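Asker: dropping the sequence and predicted coords here.
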Amino acid sequence: MNNTSNYGVLMMNLGTPDAPHAPEVRRYLREFLSDSRVVDLNPLLWKPILNLIILTIRPPKVAKIYQQVWMDEGSPLLVLSQRLKENVKTALSEKAGHTVPVELAMTYGNPSVEVAANKLREQGVTNILVVPMYPQFSATTTAAAYDRLMKSLKRCPHWPSLQLLHDYADHPLYIKALADSVRAQWDKQGERRHLVFSFHGIPKRYVTNGDPYARRCHLTSRLVAEELELTEADWTHVYQSRFGREEWLKPYADVTLKAMPSKGIKSINVISPAFSIDCIETLEEITIELGDEFKHNGGEAFDYIPALNDSPDQVALYLNLIEQNTKQWQ
Ligand SMILES: C=CC1=C(C)c2cc3[nH]c(cc4nc(cc5[nH]c(cc1n2)c(C)c5CCC(=O)O)C(CCC(=O)O)=C4C)c(C)c3C=C
Ligand SMILES: [Fe+2]
Ligand SMILES: [Fe+2]
């Protein structure tokens, strides 16, 4: 790497409310759920449902959930994404021998793509690698991040050169990092347990229409299971976070976990590889909701294995992804 390289990195994650209160949650959900990549229903049908029902009922309920997991510095998704971004920037700059600009942007809410892209430009960046923080590509997340970036450049006269990272569902460092996090949990517990891979779901119809997400999720589960030398009986692949009435990807996490104790599986670990960063979905929906449901149905031991977050393994993975995808600029 030389000192004249003028590339920078834009890490993108989903976004989260600015505060754990109903007005901020409503603002966030309005922006998120108005994106046709996320909910593709006819706007004439969807807008009244969204405005009159969902944005009335959901924000106060969801705000209470955010309050349960909120950190001193803010929403876990934002705080932990920022920590990862800082660690990646430090590691990348140390290796390069000069500062490599790295910024974080959210598809919905703050920090906005405009603010992050301006910061990169102010640091002299003309070539940007965009790193969506989603290990498995989905049009609902990765493509939505790209859409948001393109929208921010709509009136920009001085376009940067762009490289868009697709996903890293089968990257060897990602698979090894996940497997090592399972091994660390087993060492801590003093026992190996049945391993549940729980992924954020999407409507089944999106996959039928060509979204590669389910295929990419299955690949991740299979490779981690292989790395851990698990037999078919040792692990289960499920989808959580169902929203709305239509069919989502199956098997559903809640249905599957409730039935496990009666089939003799009473001790489990849950890992959620679609989340690079812990958030409301892992810290509350999995750890609290699913954990309680499992135990109320005869489960005895339930422990969630944290996301890779800002761990050294995740930093090494992102460093490798960045180095592999910026070779043309060095
Ligand atoms: C309504 C449809 C939704 C689709 C499709 C969807 C896909 C999807 N989402 C993530 C990652 C995250 N989702 C998060 C929260 C969240 N997701 C939805 C809905 C859909 N997601 C809602 C309504 C919410 C908000 C919470 C709620 O009201 O229940 C989060 C956490 C955000 C946080 O602040 O902590 C993440 C991360 C993926 C990876 C994905 C498809 C691949
Ligand atoms: Fe989601
Ligand atoms: Fe959820």
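Answerer: Received, thanks. Ligands and ions are numbered 1, 2, ... in the order given.

Asker: the stretch 101-250 of the chain: strands as residue ranges?
Answerer: 102-106, 127-132, 161-164, 194-200, 235-240 (DSSP state E, counting those that start in this stretch).

Asker: send over the next helix or strand after the last one as PDB, restricted to the C-alpha atoms.
Answerer: The helix or strand immediately downstream of strand 235-240 is helix 253-259, counting by DSSP states H and E. Extracted as PDB, the C-alpha positions of helix 253-259 are listed here (Å, rounded to 0.1, in the frame of the first residue of the first chain):
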ATOM      1  CA  ALA A 253     -37.800 -20.100  15.200                       C
ATOM      2  CA  ASP A 254     -40.500 -19.900  17.800                       C
ATOM      3  CA  VAL A 255     -42.400 -23.000  16.500                       C
ATOM      4  CA  THR A 256     -39.300 -25.100  16.300                       C
ATOM      5  CA  LEU A 257     -37.800 -24.100  19.700                       C
ATOM      6  CA  LYS A 258     -41.100 -24.700  21.500                       C
ATOM      7  CA  ALA A 259     -41.200 -28.300  20.100                       C
END
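
Asker: so what's the gap between helix 253-259 and the chain middle?
Answerer: For helix 253-259, the separation from the chain centroid amounts to 22 Å (computed by C-alpha atoms, centre = their mean, to the nearest Å).

Asker: so what touches whichever helix or strand comes after it?
Answerer: Using DSSP H and E, the helix or strand that follows helix 253-259 in sequence is strand 267-271. Applying C-beta atoms under 8 Å, 6 or more residues apart in numbering, the contact partners of strand 267-271 are 178, 181-182, 185-186, 189, 191, 193-198, 224, 257, 260, 286, 290, 294, 299-305. In short, each C-beta sits where N, CA and C put it, glycine included.

Asker: just the buried residues of those.
Answerer: Applying a neighbour-count criterion of 16 or more other C-beta atoms under 10 Å, the buried members of the contacts of strand 267-271 are 178, 181-182, 185-186, 193-198, 224, 257, 260, 286, 290, 294, 299, 302, 304-305.

Asker: which outside residues touch the longest helix anywhere in the chain?
Answerer: Looking across the chain with DSSP state H, the single longest helix is helix 76-96. With C-beta under 8 Å, 6+ apart as the test, helix 76-96 has contacts from 1, 5, 9, 11, 13-16, 69-71, 73, 99-104, 106, 110, 133, 276-280, 283, 307, 309-310, 314-316, 318-319, 322.

Asker: swap in stretch 105-125?
Answerer: Counting by C-beta under 8 Å, 6+ apart, 6-8, 10-18, 27-28, 31-32, 35, 78, 99, 101, 103-104, 128, 141, 144-145, 148-149, 151-153, 158, 160 sit against stretch 105-125.

Asker: next: stretch 18-36.
Answerer: 14-17, 38-39, 43, 50, 54-55, 58-60, 62-63, 66-67, 70, 75, 107-110, 144, 147.

Asker: that stretch and ligand 3 in contact?
Answerer: No. Using C-beta under 5 Å from the ion, stretch 18-36 stays clear of ligand 3, with a minimum separation of 11.6 Å.

Asker: so for that stretch, mean pLDDT?
Answerer: Averaged across stretch 18-36, pLDDT comes to 98.

Asker: that stretch: how far from the chain's middle?
Answerer: 17 Å.

Asker: list the buried residues of that stretch.
Answerer: Applying a neighbour-count criterion of 16+ other C-beta under 10 Å, one finds 18-20, 22, 24-29, 31-34 buried in stretch 18-36.

Asker: secondary structure added to those, as JSON lines?
Answerer: Output for the buried residues of stretch 18-36, formatted as JSON lines (DSSP: H, G, I helix; E, B strand; the rest coil):
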{"residue": "18", "secondary structure": "coil"}
{"residue": "19", "secondary structure": "coil"}
{"residue": "20", "secondary structure": "coil"}
{"residue": "22", "secondary structure": "helix"}
{"residue": "24", "secondary structure": "helix"}
{"residue": "25", "secondary structure": "helix"}
{"residue": "26", "secondary structure": "helix"}
{"residue": "27", "secondary structure": "helix"}
{"residue": "28", "secondary structure": "helix"}
{"residue": "29", "secondary structure": "helix"}
{"residue": "31", "secondary structure": "helix"}
{"residue": "32", "secondary structure": "helix"}
{"residue": "33", "secondary structure": "helix"}
{"residue": "34", "secondary structure": "coil"}
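
Asker: where exactly do the helices run in this protein?
Answerer: Using DSSP H, helices in the chain cover 22-33, 43-48, 55-69, 76-96, 113-122, 142-152, 172-189, 204-208, 213-227, 253-259, 280, 291-296, 312-325.

Asker: ok so, going back, the buried ones among the contacts of strand 267-271 also near ligand 1: which ones?
Answerer: Applying C-beta under 6 Å from any ligand atom to these, one finds that nothing falls near ligand 1.
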